[in-house]
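Asks: Build me a structure from this.
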Amino acid sequence: MTDQSRKSSVSAPVLPDPPPPAARRWKPWQKWLLWLLIVAAVLVIGYALVVRPLTRAGSGRVRAGAGAVPVTAEPARKADLNVRIVALGTVTPLKTVTVRSLVDGQLQKVLFTEGQSVEAGAPLAEIDPRPFEAQKEQAEAMLARDRALLDNAHLDFERFNTLLAQDSVAKQQVDTQAALVRQYEATVKLDQAQINTTALQLTYAHIIAPITGRVGLRLVDIGNLIHPSDANGIAVITQLRPISVLFAIPQDALPQVLKRFKSNEPMAVEAYDRDGRALLATGRLVTIDNQIDPSTGTVKLRAEFPNTDEMLFPNQFVNVQLIADQIQGATVVPTAAIQRSTTATYVYLVADQKTASVRQVETGPSEHGLIIVSKGLAPGDVVVVDGVDKLRDGSAVELVSGTAGATAGAAAGPEKPTGKRGGAGSRPPQN
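Replies: Model (predicted):
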């Protein structure tokens, strides 16, 4: 071997073989992408093999009508129902008085407590009475002086009359003395009037309650000078028992109300809270206004309530229900049974407790969850109350409430209404 070949063999490096392709590492995002693809494939296969066949089978059963729809039903029955006119009313006291002083003076005493119920004539406050007592004493002194002058004038007049009979005095002097007597008499009357005035002012210094009611917040403190011209006064008294409610009804309902009101029959009025759920008080209609408001087409009415429990408060808004008439022996069903479409009012009638059919009806007034059916139903007909949103004309039904044999037992008494409405999402009858 030559030297040149020996050098070339020594200087050339020996390189390792490259790694096989299978030994390459996966990047993190590639691993996550692979797992997502695997999960998506599993979900698609599961939906295709399990969920979709079950869905098709279920929808096929619904379309086939093999399953009965569970419903709650109640029978139509005879009942007496009141015709009610509903309106929004405002509680208005029959009497409201702002207590003011009738004389000028310093407020010396306050004899009531805020929110206290007082009777008419009860003492409320007292103004310093000393100035009025001094004025009364002065007027009494002037009266005593003028009465003495009057007595002396009477004596002189009698003397002059005696002298005139003896022709010892001129007639003019007698007439002058008579005029002086009348002058003193007038002065005495004036003095007596002044005494009465000061006595009245002294009475006004003791302020009393003009009506029976509840006293509001105190509007002035002790020590302040008060005057009759003060706008706020001392306090406000409001009569709460009895109390009235003002409300308005449409003019179309006025003839029906007037007919019964003029017959002197008592017309009951019920006051409910703003939600229309809690009954606050029961009263009677006492008066009707003498004209219709042309801007609203309504007429105002006033109802009076005993309000012994004081549940009605002045300026409170209440829902008023005026019982204008009573319909006796009407066919009624729960209000939830009535369904309405754009063309008709109808119910679902249950025949033989198996099938529901559409029956068009005509309705009347409603009260307490019951509504009058004037045409289309007879007492004993069973109608669906709950579950109508899944019904069609001819749908098979299953009664889930205690209404089996309800037709036969309709005369025994009304069933308790469920209070649920199914008509919100119900479908119109199939024509």
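Asks: Tell me which residues touch residue 383, please.
Replies: Contacts for residue 383 (C-beta atoms under 8 Å, 6 or more residues apart in numbering) come out as 73-76, 333-334, 337, 347-350, 359, 377. C-betas here are computed from N, CA, C, even on glycine.
Asks: next one: phi and psi at residue 378?
Replies: Main-chain torsions, residue 378, degrees, to the nearest 10: phi -120, psi 150.
Asks: my guess is residue 83 meets residue 324, correct?
Replies: Yes - with contacts counted by C-beta atoms under 8 Å, residue 83 reaches residue 324, the gap being 5.1 Å.
Asks: Poorly predicted segments of the stretch 1-150 of the chain, please.
Replies: Counting by pLDDT under 70, the ranges of the stretch 1-150 of the chain that qualify are 1-26, 50-66.
Asks: quick one, strands of the stretch 201-350 of the chain?
Replies: For the stretch 201-350 of the chain, strands defined by DSSP state E, counting those that start in this stretch occupy the ranges 206-208, 213-215, 225-226, 235-238, 243-250, 268-272, 279-288, 298-305, 317-334, 339-340, 345-351.
Asks: Could you give me the buried positions within the longest one?
Replies: So that's strand 317-334. 318-324, 327, 330-334 (16 or more other C-beta atoms under 10 Å).
Asks: Export those residues as CSV, with columns for distance to residue 103 and pLDDT.
Replies: Shown next, in CSV, are these (distance: C-beta to C-beta, whole Å; pLDDT from 0 to 100):
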residue, distance to residue 103, pLDDT
318, 41, 97
319, 46, 97
320, 43, 97
321, 49, 95
322, 47, 96
323, 51, 95
324, 52, 93
327, 62, 90
330, 66, 93
331, 71, 94
332, 66, 95
333, 69, 95
334, 67, 94
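Asks: how about those, which pair is most distant?
Replies: In the buried residues of strand 317-334, two members sit farther apart than any others by C-beta to C-beta. They are 318 and 331, at 32.0 Å.
Asks: mind listing the strands for the stretch 1-150 of the chain?
Replies: Using DSSP E, counting those that start in this stretch, strands in the stretch 1-150 of the chain cover 69-75, 77-92, 96-99, 105-110, 117-118, 123-127.
Asks: Closest to residue 355 out of the buried residues of strand 317-334?
Replies: residue 333 (18.5 Å).
Asks: Quick check: the closest one touching residue 78?
Replies: No - applying C-beta under 8 Å, one finds residue 333 not in contact with residue 78, separated by 11.3 Å.
Asks: export the strands of the stretch 201-350 of the chain to CSV and tack on distance to residue 261?
Replies: Converted to CSV, the strands of the stretch 201-350 of the chain look like this (distance: least, C-beta to C-beta, whole Å):
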stretch, distance to residue 261
strand 206-208, 38
strand 213-215, 28
strand 225-226, 46
strand 235-238, 28
strand 243-250, 12
strand 268-272, 12
strand 279-288, 6
strand 298-305, 9
strand 317-334, 9
strand 339-340, 33
strand 345-351, 32
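Asks: ok so, going back, report the set of residues contacting both of residue 83 and residue 324.
Replies: Common neighbours of residue 83 and residue 324 (C-beta under 8 Å, 6+ apart) are residue 256.
Asks: how about residue 196, secondary structure?
Replies: helix (DSSP: H, G, I helix; E, B strand; the rest coil).
Asks: and it, what pLDDT?
Replies: You'll see residue 196 listed with a pLDDT of 97.
Asks: Check residue 419 too.
Replies: Residue 419 is given a pLDDT of 36.
Asks: ok, now which ones touch the residue nearest the centre of the chain?
Replies: The C-alpha lying nearest the average C-alpha coordinate of the chain belongs to residue 318 (C-alpha atoms, centre = their mean; 1.8 Å). Contacts for residue 318 (C-beta under 8 Å, 6+ apart) come out as 88, 89, 90, 91, 245, 271, 272, 273, 274, 280, 312.
Asks: List the buried residues for stretch 155-165?
Replies: 157, 160.
Asks: actually stretch 165-180, not the one I wrote
Replies: Those buried within stretch 165-180 under the rule 16+ other C-beta under 10 Å are 169, 174, 177, 180.
Asks: re earlier: could I get the contacts of residue 318 in a markdown table, plus columns for distance to residue 132?
Replies: As requested, those are exported to a markdown table (distance: C-beta to C-beta, whole Å):
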| residue | distance to residue 132 |
| --- | --- |
| 88 | 50 |
| 89 | 46 |
| 90 | 42 |
| 91 | 40 |
| 245 | 43 |
| 271 | 47 |
| 272 | 52 |
| 273 | 50 |
| 274 | 50 |
| 280 | 47 |
| 312 | 41 |
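Asks: I would like a PyMOL command selecting only the buried ones among those residues, please.
Replies: Restricted to buried positions by 16+ other C-beta under 10 Å, the PyMOL selection for the contacts of residue 318 reads:
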select buried, resi 89+91+245+271+272+280+312
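Asks: Can you tell me how far the closest residue to residue 90 other than its chain neighbours is from residue 268?
Replies: Spatial nearest neighbour of residue 90, chain neighbours left out: residue 246 (5.3 Å); criterion: C-beta to C-beta, 6 or more residues apart in numbering. According to C-beta to C-beta, to the nearest Å, residue 246 and residue 268 sit 17 Å apart.
Asks: got the contact list for residue 322?
Replies: 84, 85, 87, 247, 249, 257, 267, 268, 269, 285, 301, 303.
Asks: for it, which residues make a bridge with it?
Replies: residue 85, residue 269 (DSSP bridges).
Asks: Ok, the one 10 residues further on next?
Replies: According to DSSP bridges, residue 77, residue 372 are recorded as the beta-bridge partners of residue 332.
Asks: mind checking how far it is from residue 379?
Replies: 9 Å.
Asks: anything in contact with each of these two?
Replies: 76, 77, 78.
Asks: these two touch, right, the last one and residue 328?
Replies: No - in this structure, residue 78 is not within contact of residue 328 by C-beta under 8 Å, at 9.1 Å.
Asks: So which of the contacts of residue 383 is the closest to residue 393?
Replies: For those, the nearest to residue 393 is residue 348 (8.4 Å; C-beta to C-beta).
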